[in-house]
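# quick one, structure for this:
(one chain, ligands or ions: 1)
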Amino acid sequence: MEEHPARPDAFCMIGGATGVPARRHLVPRFRTTLAMTIATTIDAAHAACSAARRAGKRIGLVPTMGALHEGHLSLVRIVQAKSDFVVVSIFVNPLQFGPTEDLSKYPRTFERDRTLLAKEGVDLIFAPTVAEMYPSRATTYVTVEGLSDRLDGQSRPGHFRGVTTVVSKLFHVIEPDLAVFGQKDAAQLAIIRRIVRDLNIPVQIVAGPIVREPDGLAMSSRNAYLNPQQRKQALVLSRTLRTVQERFQQGERCAEKLIAAGREVFTAEPNVRVDYFLVVDPESLEPIADITGQALVAVAAYVGATRLIDNIVVKA
Ligand code: AMP
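So this is what the prediction gives:
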């Protein structure tokens, strides 16, 4: 299931007068709302970015799957401060969803997203269809071996391969000078830094801090799936991480003991099922036994059928 965000007015004329009814000369390209352009094709997005580059602008990209919240908008603001042409991609990427995951029900709120991004002063939304991004059944994948099967990659086989493939495509289409990713998806961030390094992609990767609801829940498009009771239960993730942080601040450096303290907090919410709860190196995602430098404490858990993730970084 996929949504084509462009409405019929998202068409502009290309080609000259040939006597063929005009409608047949209409191809989806881009629409400009105030100063914001919406591109639904790779060619249109590429052309808009090339024009910006020729005008001497520094291009910043925020890749998203839409259903935007303050977490996404915080990344837009980071890009805005560091570039002159802000691109936000909105694409629910089927390659990163497993066969039993929530691809078809993933929230799609394009009109609302567009309004929010226009208010932020975004220059270009790139919102392609699945057919535009993956026109053929044969697909070239970009995979980071060794990292892609850790954390979320372990419980979501193929997930990171989907992420690295789509992000590589976005980097080629937009050719951004910088791209911002949320610390919320810490493993994703590590893997993207790795493809950029390994494939010498000329883009600066910037991490944006996790934006939380006032009660501590990390903002996520998937929070929309939670009923009021589950919404309360979901707080156990951030509560657990706070407990780990407190223990760490009190001097505990043994990962096993920190995890044990965190797991204790989870026992208070029997309806929340822990998927992983790990202390790892933020770059290699390898487990750490004793924390001597930086460590990523990452958790994933199912609240009902909804899988949520959260993390903190601690520093010895
Ligand atoms: P998504 O639309 O879920 O693919 O997320 C798009 C980008 O927003 C990713 O780089 C995420 O890490 C980032 N993001 C999602 N939630 C948050 C949050 N609560 N705070 C900061 N960044 C976030």
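
# quick one: the helices in this protein, in order.
42-54, 70-82, 110-120, 130-133, 152-155, 159-174, 186-198, 228-233, 235-249, 255-266 (DSSP state H).

# can I get those helices in a markdown table with mean neighbour count?
Yep, even glycine has a C-beta here, placed from its N, CA and C like the rest. Shown next, in a markdown table, are the helices of the chain (neighbours: other Cβ atoms under 10 Å):
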| stretch | mean neighbour count |
| --- | --- |
| helix 42-54 | 18 |
| helix 70-82 | 19 |
| helix 110-120 | 17 |
| helix 130-133 | 16 |
| helix 152-155 | 18 |
| helix 159-174 | 22 |
| helix 186-198 | 21 |
| helix 228-233 | 14 |
| helix 235-249 | 19 |
| helix 255-266 | 16 |
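
# Ser220 is nearest to which of those helices?
Closest approach to Ser220 among the helices of the chain is made by helix 70-82 (7.4 Å; Cβ to Cβ).

# helices and strands around the closest one, which ones?
Contact partners of helix 70-82 among helices and strands, from 3 or more Cβ pairs under 8 Å, 6 or more residues apart in numbering; DSSP states H and E: strand 59-64, strand 85-90, helix 110-120, strand 178-182, strand 204-208.

# tell me which of the ones you listed sits nearest to the ligand.
The ligand sits nearest to strand 178-182 of all the helices and strands packed on helix 70-82, at 2.4 Å, using Cβ to the nearest ligand atom.

# select, out of the helices of the chain, the one closest to the ligand.
Per Cβ to the nearest ligand atom, nearest to the ligand of the helices of the chain: helix 70-82, 2.5 Å.

# residues from the stretch 201-316 of the chain in reach of the ligand?
Residues of the stretch 201-316 of the chain found near the ligand (Cβ under 6 Å from any ligand atom) are 208, 210-211, 218-221.

# how much space is there between the nearest residue to Ser221 once chain neighbours are set aside and Tyr276?
Once flanking residues are discounted, Ser221 sits nearest to Ala67: 3.8 Å by Cβ to Cβ, 6 or more residues apart in numbering. Plainly put, Ala67 is 24 Å away from Tyr276 if you go by Cβ to Cβ, to the nearest Å.

# got it, and Ile59?
Taken as Cβ to Cβ, the span from Ile59 to Tyr276 is 35 Å.

# which one of those two has more residues nearby?
It is Ile59, of Ile59 and Tyr276, that has more neighbours when counted by other Cβ atoms under 10 Å, with 24 against 16.

# residue contacts, the more buried one?
The neighbours of Ile59, taking Cβ atoms under 8 Å, 6 or more residues apart in numbering as the test, are 49, 52-53, 83-85, 87, 174-178.

# could you dump those residues to JSON lines with pLDDT?
Shown next, in JSON lines, are the contacts of Ile59 (pLDDT from 0 to 100):
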{"residue": "Cys49", "pLDDT": "98"}
{"residue": "Ala52", "pLDDT": "97"}
{"residue": "Arg53", "pLDDT": "98"}
{"residue": "Ser83", "pLDDT": "98"}
{"residue": "Asp84", "pLDDT": "96"}
{"residue": "Phe85", "pLDDT": "98"}
{"residue": "Val87", "pLDDT": "98"}
{"residue": "Ile174", "pLDDT": "98"}
{"residue": "Glu175", "pLDDT": "98"}
{"residue": "Pro176", "pLDDT": "98"}
{"residue": "Asp177", "pLDDT": "98"}
{"residue": "Leu178", "pLDDT": "98"}
